[in-house]
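Trainee: would you be able to build a 3D model of this:
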Amino acid sequence: MHDADLNKSQKFVRIIELVSRRGGVNATTLCERFELDARTLRRYLADLHDLGLPIEDVGSGNERVISIAPTYARSGVQLTLAEVLSLHFGRTLYTFLEGTSFAADLEGAIERLQPAIARSTADLTHNIDRKFMAVGEHAKDYSSNPDLLDEVISALLYSNPADAEYRGVRGMGKIYRLEPLTLAVYRQGLYLYARDVHEGKIKSFAVERFERFSRLRRETFTYPVTYDPRDLVAHSFGITGGSPEDVVARFSPDVAFYIRERLWHPTQRMERLPDGGVRLRMRVVCGPELKEWLLGFGAQVRVDAPATLVDTMREAHRAALESYGG
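Mentor: Down below sits the predicted model:
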């Protein structure tokens, strides 16, 4: 239905929405959108004013701008400059969800909060997209199957179990009955923690690998009272859970500063070495994320423990050397 076809009450609601936005709306735009003449628009605005809305009508002729007084628009909610910046960064950090309803809903929420931004703050946020920037990582693409993400989120919200077909890393498919528990973000990707009903275990699933995810809308499960997703990754070096091991690695002086300036894991302990290098100790799960991270340092790191990780690193470097004909 077009705005011009709405009844008077419906037009009032839509007009209030438009004039509440930051900067208001041009009077000509209102007349054209709702097919009103200038006299009818003035009568509508007078009616809204009589209802207690502080309508502001600034300017003359076609350049008039209709808005609601900022003090009224900010009643109940007033965003500080720090909160505005937080919203901005929150949006930029989730650019990998572009093309999904999740991103559209986030944009809609931020737009609805625009009237709550004080004018003094609004002036300071000019060019904010150029003054503050989040550089994107190598992200996964969810725009090709937005319905999948909607189905996963709905299953989480309504505690619906789901029948799913999942494709593993090696391309093998498997059928699951899942009870979705947590949707997690890791390295610009989405992961679902869910209970495998048949095995009775909580597992992690990369969302984009679901070939099929059908929530059972007429069924619900009881969300576990003692479940805390933070327990699943307490010892992880990423998204993969498991039993932690004592990891010891020595980094060369060339990368020692980079290692020392970051918190890699809550259990980490560092020791400066006589040659300027650093020894890093952690108690973590030796999952693929840890191995990938260590291999990224090439010859600048040597793993000393555990023995199984030492063997893994040795074989990986040997295979890499052979691939170059070494």
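Trainee: which SSE is Tyr258 in?
Mentor: Assigned by DSSP states H and E, Tyr258 belongs to helix 253-260.
Trainee: low-confidence ranges in this structure?
Mentor: Where the chain drops to pLDDT under 70, the residues are 1, 62, 70-96, 99-129, 131-139, 326.
Trainee: how about the nearest residue to Leu190 once chain neighbours are set aside, phi and psi?
Mentor: Excluding the flanking residues, the one nearest Leu190 by CB to CB, 6 or more residues apart in numbering is Val207, at 4.3 Å. Using the backbone N, CA and C atoms, a C-beta is placed for each residue, glycine as well. Backbone torsions for Val207, taken as degrees, to the nearest 10, come to phi -60, psi -40.
Trainee: my read is that Val207 contacts Tyr142, right?
Mentor: Yes: counting by CB atoms under 8 Å, Tyr142 is a contact partner of Val207 at 7.3 Å.
Trainee: find residues that contact each of these two.
Mentor: In terms of CB atoms under 8 Å, 6 or more residues apart in numbering, Val207 and Tyr142 are both contacted by the residues Leu148, Leu149, Leu190.
Trainee: about what we covered before: contacts for the helix holding Tyr258?
Mentor: With contact meaning CB under 8 Å, 6+ apart, helix 253-260 is reached by Phe251, Met270, Arg272, Leu273, Asp275, Gly276, Gly277, Val278, Leu280, Phe297, Gln300, Val301.
Trainee: could you pull out the buried residues of that helix?
Mentor: For helix 253-260, burial by neighbour count (16 or more other CB atoms under 10 Å) applies to Ala256, Ile259.
Trainee: after it comes which helix or strand?
Mentor: Where DSSP H and E defines the elements, the next helix or strand beyond helix 253-260 is strand 269-272.
Trainee: can you list the residues that contact that next one?
Mentor: With contact meaning CB under 8 Å, 6+ apart, strand 269-272 is reached by Ala256, Ile259, Arg260, Val278, Arg279, Leu280, Arg281, Met282.
Trainee: which of those sits closest to His49?
Mentor: Arg260 (63.6 Å; CB to CB).
Trainee: mind checking how far the closest one is from Leu290?
Mentor: According to CB to CB, to the nearest Å, Arg260 and Leu290 sit 18 Å apart.
Trainee: circling back: now tabulate the shared contacts of Val207 and Tyr142 in a markdown table and tack on distance to Glu315, secondary structure and neighbour count.
Mentor: Formatted as a markdown table, those follow (distance: CB to CB, whole Å; DSSP: H, G, I helix; E, B strand; the rest coil; neighbours: other CB atoms under 10 Å):
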| residue | distance to Glu315 | secondary structure | neighbour count |
| --- | --- | --- | --- |
| Leu148 | 36 | helix | 18 |
| Leu149 | 37 | helix | 23 |
| Leu190 | 31 | strand | 22 |
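Trainee: which residue ranges form the helices in the protein?
Mentor: 8-19, 27-34, 38-50, 70-73, 81-93, 101-113, 119-124, 128-131, 146-158, 229-232, 253-260, 288-295, 307-323 (DSSP state H).
Trainee: which strands and helices sit next to the last one?
Mentor: Packed against helix 307-323 by the contact rule (3 or more CB pairs under 8 Å, 6 or more residues apart in numbering; DSSP states H and E) you find strand 245-251, helix 288-295, strand 301-305.
Trainee: helix 288-295 and the last one, what's the angle between them?
Mentor: Read that as strand 301-305. Here strand 301-305 points in a direction 130 degrees away from that of helix 288-295 (axes from the mean of the first three to the mean of the last three CA atoms, to 10 degrees).
Trainee: swap in the first one?
Mentor: Using the same axes, to 10 degrees, the inter-axis angle of strand 245-251 relative to helix 288-295 is 20 degrees.
Trainee: tell me the residue furthest from the middle of this structure?
Mentor: Arg39 (47.0 Å; CA atoms, centre = their mean).
Trainee: related to what we said a few turns ago, any idea how far the helix holding Tyr258 is from the chain center?
Mentor: 30 Å (CA atoms, centre = their mean, to the nearest Å).
Trainee: one more: stretch 297-317?
Mentor: Distance of stretch 297-317 from the chain centroid (CA atoms, centre = their mean) equals 34 Å.
Trainee: do stretch 268-285 as well
Mentor: Mean-position distance between stretch 268-285 and its chain equals 32 Å (CA atoms, centre = their mean).
Trainee: repeat for stretch 23-39
Mentor: Mean C-alpha position of stretch 23-39 versus that of the full chain (CA atoms, centre = their mean) differs by 37 Å.
Trainee: for it, C-alpha coordinates in CSV please.
Mentor: Taking Å, rounded to 0.1, in the frame of the first residue of the first chain, the C-alpha atoms of stretch 23-39 are listed here in CSV:
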residue,chain,number,x,y,z
GLY,A,23,17.2,16.8,10.4
GLY,A,24,13.5,16.4,9.9
VAL,A,25,11.9,16.2,6.4
ASN,A,26,11.1,18.7,3.7
ALA,A,27,7.5,20.0,3.5
THR,A,28,7.4,19.4,-0.2
THR,A,29,8.4,15.7,0.3
LEU,A,30,5.5,15.2,2.8
CYS,A,31,3.0,16.8,0.3
GLU,A,32,4.2,14.6,-2.6
ARG,A,33,4.5,11.4,-0.5
PHE,A,34,1.1,11.6,1.0
GLU,A,35,-0.5,13.6,-1.9
LEU,A,36,-1.4,16.5,0.4
ASP,A,37,-1.9,20.1,-0.6
ALA,A,38,-0.2,22.9,1.5
ARG,A,39,-3.4,23.7,3.4
